[in-house]
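Engineer: Any chance you can model this:
(chains A, B, C and D, ligands or ions: 4)
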Protein chains: 4
Amino acid sequence: MKLKEEIINKLQARGVELSDIAEVAYHLQKPYSKDLKLEDCLVAVKHVLEKREVQYTVLTGIALDILVEEEKVEGALAKIIREDEPLYGVDESLALAIANIYGSVGFTSFGYLDKDKMGIMKELDTTKEQVNTFLDDLVAGVASAASAKIAHQNKNKELDEAEIS
Amino acid sequence: MKLKEEIINKLQARGVELSDIAEVAYHLQKPYSKDLKLEDCLVAVKHVLEKREVQYTVLTGIALDILVEEEKVEGALAKIIREDEPLYGVDESLALAIANIYGSVGFTSFGYLDKDKMGIMKELDTTKEQVNTFLDDLVAGVASAASAKIAHQNKNKELDEAEIS
Amino acid sequence: MKLKEEIINKLQARGVELSDIAEVAYHLQKPYSKDLKLEDCLVAVKHVLEKREVQYTVLTGIALDILVEEEKVEGALAKIIREDEPLYGVDESLALAIANIYGSVGFTSFGYLDKDKMGIMKELDTTKEQVNTFLDDLVAGVASAASAKIAHQNKNKELDEAEIS
Amino acid sequence: MKLKEEIINKLQARGVELSDIAEVAYHLQKPYSKDLKLEDCLVAVKHVLEKREVQYTVLTGIALDILVEEEKVEGALAKIIREDEPLYGVDESLALAIANIYGSVGFTSFGYLDKDKMGIMKELDTTKEQVNTFLDDLVAGVASAASAKIAHQNKNKELDEAEIS
Ligand SMILES: [Ca+2]
Ligand SMILES: [Ca+2]
Ligand SMILES: [Ca+2]
Ligand SMILES: [Ca+2]
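Structural biologist: Ligands and ions are numbered 1, 2, ... in the order given. Next comes the predicted model:
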């Protein structure tokens, strides 16, 4: 099985469909791209998940959530991750590495999502059934990167049209 | 004149009082610290501005705004900064270096502020009289760092109290 | 047990004494501070390990090394971490969050250490007895931050003396 | 004139040919890719310079060097940049945003280059004729990103071959 498929399977097993992430990206980018379609966002999300850096980071974050859930993490760290201690920042560091894969414009989307959780992120944040300390931020990171990718594409199109005319 | 005073003077000359930044930090941190006073935020803002890394970054960002305003920056870059081109991310990179001076918890505040501009940031963003491409992000960065500092202080206090009892 | 003690114990259990980290910091900073003593570096290392952000990150990285070693991590990720796959960058992302806790001057020390492993880092990198994919980078991150702290202290002293004279 | 050409011209005017950057990238990546050719590195450097984020950052850094040189930057900042004050980290922050455009594996190359300046970087660092505080780091950032791009390409090729056989 290729790594990308393993990740898509793992996301599904944790309750996240690619279309859920695409919806978050759509919400982020819609104000700036009036013709944006949900389908474009799904394509962008798939592109983001093809980056090896993103794949490795998503796998690591999901593994940490699961290992805490299965009580395989020892000592103080288990409690810190399980309770999503407000000063624990590793989840955000990982997600930020994903969010800025298309440049620093992904930063701000990510921070915004973190404060104003929407769609699948809200579900992940409120469920009590599994540990999602990393997962909600990973979703935010991938959605932010997808939104940044679309922003760059639109700018390129705009510049190309300016050159033609 | 010490560097910190030079920075406070420059911020004032550009229309930003330390109390304006304290208000943004207050707004960020209030939901998590019910006894928070504006005065605590002002103290935290002053602490942040004592960090040399922060001082150098603030000076650089303000200088770029002014140099563009005075038409001393040449070529494509002048227009990009003046119009705050959406894909220009240097302002956010600089601000982020400030926001995370107390750890990665400052990231998310910064991103949130950038999307949901409040108080002085809104004024800076809408004025047509000067170039504020860097300044609004610098304010967000300093306010985010001040808010993170208070979050850390509260956590330390909480841990100390837990140990005593 | 306080978190800092838990971390010192864990580092020791994985083969790293604080004095080993202090030696790396000494090596980094010595060219810039001729009167530097190993003792100063040990003090700086202890200061770095008092930062909650650093504590959380060190605990997370060590946990991942151990979980891979104990075969508790599943799928492709286990092999990627175990073999320290050259394109796996999560270890470096975590270490970088530590290295820049005193500003971006810690970046370059960290990158340098990663390429030119010295002292304890060389030992960690060549041992076959345990998984150290995260640990060597965490050591580099803490040593880089300690070196940055000393650099800032020296600069402050220099400025104070300039003001007196 | 397209932005990419404006940047190539500016780099040349400051004494940097793309082939100089390609040589630094070659030096970085050669130990890991035995069949690497200088021509491959030049192609990678050109790819890096097509990224808008990189273009904007390079333009900003070069502008700051020139503005300091032309004495258009006022106050303490001019002296700090001109003398490349060791604790000034904005140049490294900008370069790092470039270096990690293909993921965090670019970090370590960048830090290494900063400590062990080679080729064009050494020339830039020792010349007294112009201010190169930003330029040497920008070159390191672009070379690191180019080297990271080649590392990713090689990995992809390796995986493709593994799938075929
Ligand atoms: Ca989280
Ligand atoms: Ca801005
Ligand atoms: Ca490693
Ligand atoms: Ca420099």
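Engineer: Is any residue of the lengthiest helix in chain A near ligand 1?
Structural biologist: The longest helix of chain A (DSSP state H) is helix A:135-164. Yes. In terms of C-beta under 5 Å from the ion, part of helix A:135-164 sits within range of ligand 1, namely residue A:137. Yep, even glycine has a C-beta here, placed from its N, CA and C like the rest.
Engineer: the bottom helix or strand of chain A by mean pLDDT?
Structural biologist: Counting by mean pLDDT, DSSP states H and E, the weakest-scoring helix or strand in chain A turns out to be helix A:105-115, with a mean of 82.
Engineer: could you say what helices and strands that helix packs with?
Structural biologist: Using 3 or more C-beta pairs under 8 Å, 6 or more residues apart in numbering or on different chains; DSSP states H and E, the elements in contact with helix A:105-115 are helix A:18-29, helix A:90-99, helix A:135-164, helix B:90-99, helix B:105-115.
Engineer: 10 Å instead?
Structural biologist: helix A:18-29, helix A:90-99, helix A:120-126, helix A:135-164, helix B:90-99, helix B:105-115, helix B:135-164 (3 or more C-beta pairs under 10 Å, 6 or more residues apart in numbering or on different chains; DSSP states H and E).
Engineer: Straight-line length of stretch A:73-91, end to end?
Structural biologist: 16 Å (C-alpha to C-alpha, to the nearest Å).
Engineer: and that stretch with chain D, contact?
Structural biologist: No. Contact of stretch A:73-91 with chain D is not found when judged by C-beta under 10 Å from any C-beta of the partner chain; the minimum separation is 14.0 Å.
Engineer: Whether that stretch contacts chain C - can you check?
Structural biologist: Yes. Stretch A:73-91 comes into contact with chain C (C-beta under 10 Å from any C-beta), by way of A:73-78, A:80-81, A:85, A:87-91.
Engineer: Give me the buried positions along that stretch.
Structural biologist: Residues of stretch A:73-91 classed as buried by neighbour count (16 or more other C-beta atoms under 10 Å in any protein chain shown): A:73, A:75-78, A:80-81, A:85, A:87-91.
Engineer: Please apply the same query to stretch A:100-118.
Structural biologist: For stretch A:100-118, using 16+ other C-beta under 10 Å, the buried residues are A:100-114, A:117.
Engineer: Would you check which pair of these lies furthest apart?
Structural biologist: The largest separation in those, counting by C-beta to C-beta, is between A:103 and A:117 at 23.9 Å.
Engineer: Now do the same for residue A:15: helix, strand or coil?
Structural biologist: coil (DSSP: H, G, I helix; E, B strand; the rest coil).
Engineer: Contacts only, for residue A:80.
Structural biologist: Residues near residue A:80 by C-beta atoms under 10 Å, 6 or more residues apart in numbering or on different chains: A:68, A:73, A:87-88, A:90, A:133, C:3, C:52, C:55-56, C:59-60.
Engineer: Report pLDDT for it.
Structural biologist: Model confidence at residue A:80, expressed as pLDDT, equals 96.
Engineer: Identify the residues contacting residue A:132.
Structural biologist: A:14-16, A:61-62, A:65, A:69, A:84, A:91, A:121, A:123-126, A:138-139.
Engineer: returning to what we had before: worst mean pLDDT among the helices and strands packed on helix A:105-115?
Structural biologist: Looking at the helices and strands packed on helix A:105-115, the bottom one is helix B:105-115 with a mean of 82.
Engineer: Quick check: of the contacts of residue A:132, which lies closest to ligand 3?
Structural biologist: residue A:61 (17.5 Å; C-beta to the ion).
Engineer: how about the helix or strand where the closest one lies, does it reach ligand 1?
Structural biologist: If you go by DSSP states H and E, residue A:61 is part of helix A:52-69. No. Using C-beta under 5 Å from the ion, helix A:52-69 never reaches ligand 1; the gap is at least 9.2 Å.
Engineer: Let me see the mean pLDDT of that helix.
Structural biologist: For helix A:52-69, the per-residue pLDDT averages 97.
Engineer: With ligand 1 in mind, check whether the following helix or strand past that helix reaches it.
Structural biologist: Sequence order places helix A:75-82 as the next helix or strand after helix A:52-69, per DSSP H and E. No. On the criterion C-beta under 5 Å from the ion, helix A:75-82 is out of touch with ligand 1, staying 9.0 Å away.
Engineer: The longest helix of chain A: which residues count as buried?
Structural biologist: By neighbour count with 16+ other C-beta under 10 Å, helix A:135-164 contains the buried residues A:135-152, A:154.
Engineer: Show me the subset of the residues you listed that also lies near chain B.
Structural biologist: A:137, A:140, A:144, A:148, A:151-152, A:154.
Engineer: give me the subset of those touching chain D.
Structural biologist: Counting by C-beta under 10 Å from any C-beta, A:148, A:151-152 from those sit close to chain D.
Engineer: Provide a list of residues in contact with residue A:30.
Structural biologist: Residue A:30 neighbours (C-beta under 10 Å, 6+ apart): A:36-38, A:41, A:147, A:150.
Engineer: Among those residues, which one lies nearest to residue C:25?
Structural biologist: Nearest to residue C:25 among the contacts of residue A:30 is residue A:147, at 40.3 Å by C-beta to C-beta.
Engineer: Surely that closest one is in contact with residue A:98?
Structural biologist: No. The pair residue A:147 / residue A:98 is not scored as a contact, 12.0 Å apart, by C-beta atoms under 10 Å.
Engineer: what is in contact with these two at once?
Structural biologist: Taking C-beta under 10 Å, 6+ apart as the contact rule, residue A:147 and residue A:98 both touch A:48, A:106, A:110.
Engineer: Surely the last one touches residue A:136?
Structural biologist: No. Judged on C-beta under 10 Å, residue A:110 makes no contact with residue A:136 at a distance of 11.4 Å.
Engineer: Common neighbours of these two, please.
Structural biologist: With C-beta under 10 Å, 6+ apart, residue A:110 and residue A:136 have common neighbours residue A:95.
Engineer: what's near enough to touch residue A:21?
Structural biologist: Per C-beta under 10 Å, 6+ apart, neighbours of residue A:21: A:11, A:41-42, A:44-46, A:48-49, A:119-121, A:138-143, A:145-146.
Engineer: again with residue A:116
Structural biologist: Residues near residue A:116 by C-beta under 10 Å, 6+ apart: A:27, A:122, B:111-112, B:115-116.
Engineer: can you redo these as a markdown table with distance to residue D:20?
Structural biologist: Listed next are the contacts of residue A:116 as a markdown table, based on distance: C-beta to C-beta, whole Å:
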| residue | distance to residue D:20 |
| --- | --- |
| A:27 | 45 |
| A:122 | 51 |
| B:111 | 37 |
| B:112 | 42 |
| B:115 | 40 |
| B:116 | 44 |
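Engineer: Nearest to ligand 3: which residue in chain A?
Structural biologist: Closest to ligand 3 within chain A is residue A:56: 12.4 Å, counting by C-beta to the ion.
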